[in-house]
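**Q** Quick one: sequence and predicted model below, then my questions.
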Amino acid sequence: HRIDTLVLDKTGTLTRGHPAVTDVLACDGDAQALLALAAAAQSGSEHPLARAVLERAAGITRPALEHFESHPGSGLSARVGGRAIIIGNRLLLQRHGIDRAALEDAVSALETQGPR
């Protein structure tokens with residue numbers, strides 16, 4: 001007998017199931033400030049990707065989270081230190097009029113590279 005199909009039920013069966021932040025790309029070059037804002041925004045979330053950001057930002061002082069809203073399947077919006085923060089997939093960013101063109105080449109390269 002030969003197996004021709006394999007169906008797996010969940011993340012973590014073939015992967016470690018522990019997301020990690022490997023790179024932080026900031027348009028203005030201040031990756032630590034960006035990470036502090038992202039960690040503050042994601043401190044309201046229990047999503048595994050939020051936990052990865054919080055782990056990467058451990059030890060970095062971050063501003064207070066003033067408002068948090070989850071967008072299931074897309075990302076989140078938040079207010080941190082008086083600033084509106086949107087974190088999510090391409091569609092969510094597009095819906096909020098966020099231009100990702102400045103980072104698109106770098107993001108594509110990281111996607112092509114895959115996990116490290």
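**A** Arrived safely, thanks for sending. Residues are numbered from 1 along each chain as shown.
**Q** only C-alpha atoms for contact and neighbour calcs from this point on.
**A** Will do.
**Q** quick one: the residue most central in space within the chain from Leu76, how far?
**A** The centroid of the chain falls nearest to Leu49 when counting by Cα atoms, centre = their mean (5.8 Å). Applying Cα to Cα, to the nearest Å, the value for Leu49 to Leu76 is 11 Å.
**Q** List the buried residues in the helix or strand containing the residue nearest to the centre of the chain.
**A** Assigned by DSSP states H and E, Leu49 falls within helix 48-56. Along helix 48-56, these residues count as buried under the neighbour rule (16 or more other Cα atoms under 10 Å): Leu49, Ala50, Arg51, Ala52, Val53, Leu54, Arg56.
**Q** Pull the most distant pair out of those.
**A** Spatial extent of these (Cα to Cα) is set by the pair Leu49 and Arg56 at 10.7 Å.
**Q** Now the common contact residues for those two.
**A** Counting by Cα atoms under 8 Å, 6 or more residues apart in numbering, the shared contacts of Leu49 and Arg56 are Ala20.
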